[in-house]
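S.K.: One predicted model, sequence on top.
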Amino acid sequence: MHAVGHALAIAGSMTWEITWALILGFLLSAIVQAVVRKETVARLMGDDRPRTLAVSSLLGMASSSCSYAAVALARSLFRKGANFTAAMAFEIASTNLVVELGVILALLMGWQFTLAEFAGGPVMIVVLALLFRLTLRARLLGEAREQAERGVAGSMEGHAAMDMSVTGGGSFWRRLLSRRGWTSVSHVFVMEWAAILRDLVLGLLIAGAIAAWVPDSFWQHFFFDGHPVLSKVWGPLIGPVVALVSFVCSIGNVPLAVVLWKGGISFGGVVAFIFADLLILPILNIYRKYYGTRMALYLAGTFYLAMVVAGYAIELVFGGLGLVPDQSQAKIPMEGVSWNYTTFLNIAFLLLTAALVIRFLRTGGRAMLAMMGGAPDAPATMDHGGMDHAATDHGTDHEHHGHHGHHH
């Protein structure tokens, strides 16, 4: 019982440290998804030129944070005409180059990790774009597009397919501040949370358990802590593998990254581990459903290579500049709740969350949650005062074209 209590206490402390940052990130993500038009995105992401990839990455940074939502969004952009490489750049940026991840890294591990994340992300995108240019065959891409058009989606990924954006005239601010805008933001916000919550809780519990129960000596042996050169070579290679089997989603793996860093993984290894939230087993399975088995394997290989290269690059550059923080300074948050800025920010953001949840429930949100957890086959269009929540990606393509008139 004491051991379980210890693990839960660590998980609870970590949760408290990151609550406000998470809420802020999801709020920004919801605003972008609710008020920015998808057609605009497809127009901006039509090829794989460096400028387009930079724009795609910036759009990704501004959008989502949950790796599941990012993967589903990337697919809907691909279906709406975005270039595949640009869609993948968007996906990487939207789980790894996001504000809330940077804030949480800074809070739990130090600003150097935030800098490494924002420096390593573009390296990974460039390496991936080059790998795609050199090795991605038109036939494989064609198969992936066919599979993507079939519209296979489970309930969890399905939420990003529900287009909850506000259409109609007016500027960005006008759409955002309208009643429909507020409703739409509340819907995207709650649905994003519903999709990520399980992973986040799991990630925090896994990190708490590992921090409490796995002795430091195990990690020190595992990461060759006493061998400076060997540990730097081994870190980026093994980091993504640890992520692959730990099943946690982008924000969920930061607490575990703290544990690994304290345990002796190299700086580049931490960076590669954090980027590998797009290679966890459930996500590889989603790639298989979205793009077919061959493309899923291709993505697994190219993503892994890009993560490893980014890890090495960061290790060399940050090591050379003397920016690698002292491992012994790393601390797993154990303070719990005390009156400091974290508490004030958490209270403010929790109140904001309550307002959004109330709005969501008052505007037909329960039906959407039921749809998300329930029958993924029924294409549903729910009209909320002129706002079209069209879950077009559910069901088959035939239904998708044939049943637009049904209002559930």
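M.R.: Structure received. For clarity, every value in this text was computed on a predicted model and none was experimentally measured. Numbers count the residues shown, from 1 in each chain.

S.K.: Can you list the low-confidence ranges for this structure?
M.R.: In the predicted model of the chain, residues 38, 64-66, 151-169, 196, 247-252, 331-337, 372-408 satisfy pLDDT under 70.

S.K.: 50 instead?
M.R.: Within the chain, the stretches with pLDDT under 50 are 153-161, 375-408.

S.K.: looking just at contacts, which helices and strands does the helix or strand harbouring residue 73 meet?
M.R.: Assigned by DSSP states H and E, residue 73 belongs to helix 67-79. Packed against helix 67-79 by the contact rule (3 or more C-beta pairs under 8 Å, 6 or more residues apart in numbering; DSSP states H and E) you find helix 38-44, helix 84-96, helix 138-150, helix 155-158, helix 179-213, helix 281-291. Bear in mind the C-beta positions are built from the backbone N, C-alpha and C, glycine included.

S.K.: Most tightly packed of those helices?
M.R.: With neighbours defined by mean count of other C-beta atoms under 10 Å, none of the helices and strands packed on helix 67-79 is more surrounded on average than helix 84-96, at a mean of 27.

S.K.: tell me the angle of the helix holding residue 73 relative to helix 179-213?
M.R.: 130 degrees (axes from the mean of the first three to the mean of the last three C-alpha atoms, to 10 degrees).

S.K.: Between helix 281-291 and helix 67-79, find me the angle.
M.R.: Going by the same axes, to 10 degrees, helix 67-79 makes 20 degrees with helix 281-291.

S.K.: could you dump helix 67-79 to CSV, C-alpha only?
M.R.: Extracted as CSV, the C-alpha positions of helix 67-79 are listed here (Å, rounded to 0.1, in the frame of the first residue of the first chain):
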residue,chain,number,x,y,z
SER,A,67,-0.8,13.0,-30.7
TYR,A,68,-4.0,11.2,-31.6
ALA,A,69,-5.7,14.5,-32.6
ALA,A,70,-2.6,15.5,-34.6
VAL,A,71,-2.5,12.2,-36.5
ALA,A,72,-6.3,12.5,-37.4
LEU,A,73,-6.0,16.2,-38.3
ALA,A,74,-3.0,15.4,-40.6
ARG,A,75,-5.1,12.8,-42.4
SER,A,76,-8.1,15.1,-42.9
LEU,A,77,-5.7,17.8,-44.3
PHE,A,78,-4.2,15.2,-46.6
ARG,A,79,-7.7,14.3,-47.8
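
S.K.: got the angle for it vs helix 138-150?
M.R.: Angle, helix 67-79 to helix 138-150, by the same axes, to 10 degrees: 110 degrees.

S.K.: got the angle between helix 67-79 and helix 84-96?
M.R.: Following the same axes, to 10 degrees, one obtains 160 degrees for the angle between helix 67-79 and helix 84-96.

S.K.: could the helices and strands packed on helix 67-79 go into a markdown table alongside distance to residue 62?
M.R.: Listed next are the helices and strands packed on helix 67-79 as a markdown table, based on distance: least, C-beta to C-beta, whole Å:
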| stretch | distance to residue 62 |
| --- | --- |
| helix 38-44 | 11 |
| helix 84-96 | 8 |
| helix 138-150 | 23 |
| helix 155-158 | 21 |
| helix 179-213 | 14 |
| helix 281-291 | 21 |
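
S.K.: what does whichever strand or helix holds residue 261 contact?
M.R.: Assigned by DSSP H and E, residue 261 falls within helix 253-263. With C-beta atoms under 8 Å, 6 or more residues apart in numbering as the contact definition, helix 253-263 has outside contacts at 11, 14, 18, 101, 104-105, 108-109, 113, 203-204, 206-208, 210-211, 214, 216, 218-220, 222-223, 225, 239, 242-243, 246, 248, 269-270, 273-274, 276-277, 327, 330-332.

S.K.: Mind checking which of those residues are buried?
M.R.: Applying 16 or more other C-beta atoms under 10 Å to these, the neighbour count classes 11, 14, 18, 101, 104-105, 108-109, 113, 203-204, 206-208, 210-211, 219, 222-223, 225, 239, 242-243, 246, 248, 269-270, 273-274, 276-277, 330, 332 as buried.

S.K.: Just these: which are in strands?
M.R.: Counted as lying in strands by DSSP state E, out of the buried ones among the contacts of helix 253-263, is not a single one.

S.K.: what's near enough to touch the closest residue to residue 53 other than its chain neighbours?
M.R.: Distances taken as C-beta to C-beta, 6 or more residues apart in numbering put residue 89 closest to residue 53, at 4.7 Å, once the chain neighbours are dropped. By C-beta under 8 Å, 6+ apart, residue 89 lies in contact with 53, 56-57, 60, 125, 128-129.

S.K.: So which of these is the closest to residue 4?
M.R.: Using C-beta to C-beta, residue 60 is the member of those that sits closest to residue 4, with 38.4 Å.

S.K.: Quick check: buried residues in the helix or strand that closest one falls within?
M.R.: In the assignment (DSSP H and E), residue 60 maps to helix 50-62. Neighbour-count burial for helix 50-62, with 16+ other C-beta under 10 Å as criterion, is recorded at 52-53, 55-57, 59-62.

S.K.: Also stretch 316-329?
M.R.: Of the residues in stretch 316-329, those with enough neighbours to count as buried (16+ other C-beta under 10 Å) are 318, 323-325.

S.K.: JSON lines please, covering the residues you listed and showing secondary structure.
M.R.: Compiled in JSON lines, the buried residues of stretch 316-329 are given as follows (DSSP: H, G, I helix; E, B strand; the rest coil):
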{"residue": "318", "secondary structure": "helix"}
{"residue": "323", "secondary structure": "coil"}
{"residue": "324", "secondary structure": "coil"}
{"residue": "325", "secondary structure": "coil"}
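
S.K.: I'd like these as CSV, with distance to residue 310 appended.
M.R.: Shown next, in CSV, are the buried residues of stretch 316-329 (distance: C-beta to C-beta, whole Å):
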residue, distance to residue 310
318, 12
323, 16
324, 15
325, 18
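
S.K.: Any figure for the gap between residue 220 and residue 241?
M.R.: When C-beta to C-beta, to the nearest Å is the yardstick, residue 220 and residue 241 sit 18 Å from each other.

S.K.: got a list of what residue 116 touches?
M.R.: Residue 116 makes contacts with 267, 270-271, 314, 318, as judged by C-beta under 8 Å, 6+ apart.
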